[in-house]
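A.B. asks: no FASTA, just this:
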């Protein structure tokens with residue numbers, strides 16, 4: 001068996017870790033934008 005499953009699992013874990021960090025930063029930036037939008041809407045009313 002040349003194609004061992006471990007390298008694939010390792011790369012998947014690395015991707016999940018990297019994407020997890022990206023998702024965290026995306027969520028933070030999106031929530032910050034949402035807060036700004038809510039403030040603008042509150043000011044307009």
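C.D. replies: Received, thanks. Just so we're clear, the structure is a prediction, and the values are computed from it rather than from any experiment. Numbers count the residues shown, from 1 in each chain.

A.B. asks: what helices or strands is whatever helix or strand residue 22 lives in leaning on?
C.D. replies: Assigned by DSSP states H and E, residue 22 belongs to helix 5-44. Applying 3 or more C-beta pairs under 8 Å, 6 or more residues apart in numbering; DSSP states H and E, we find helix 5-44 packed against no helix or strand. Backbone N, C-alpha and C define where each C-beta goes, glycine included.

A.B. asks: Distance from that helix to the middle of the chain?
C.D. replies: 2 Å (C-alpha atoms, centre = their mean, to the nearest Å).

A.B. asks: I'd like the mean pLDDT over that helix, please.
C.D. replies: Here helix 5-44 scores 87 as its mean pLDDT.

A.B. asks: Report the separation between the residue most central in space within the chain and residue 29.
C.D. replies: With distances taken as C-alpha atoms, centre = their mean, residue 23 lies nearest the centre of the chain, 0.5 Å away. Note on residue 23: its distance to residue 29, by C-beta to C-beta, to the nearest Å, is 11 Å.

A.B. asks: So what's the residue count around residue 30?
C.D. replies: By the criterion of other C-beta atoms under 10 Å, residue 30 has 10 neighbours.

A.B. asks: Oops, could you answer that again for residue 34 instead?
C.D. replies: 10.
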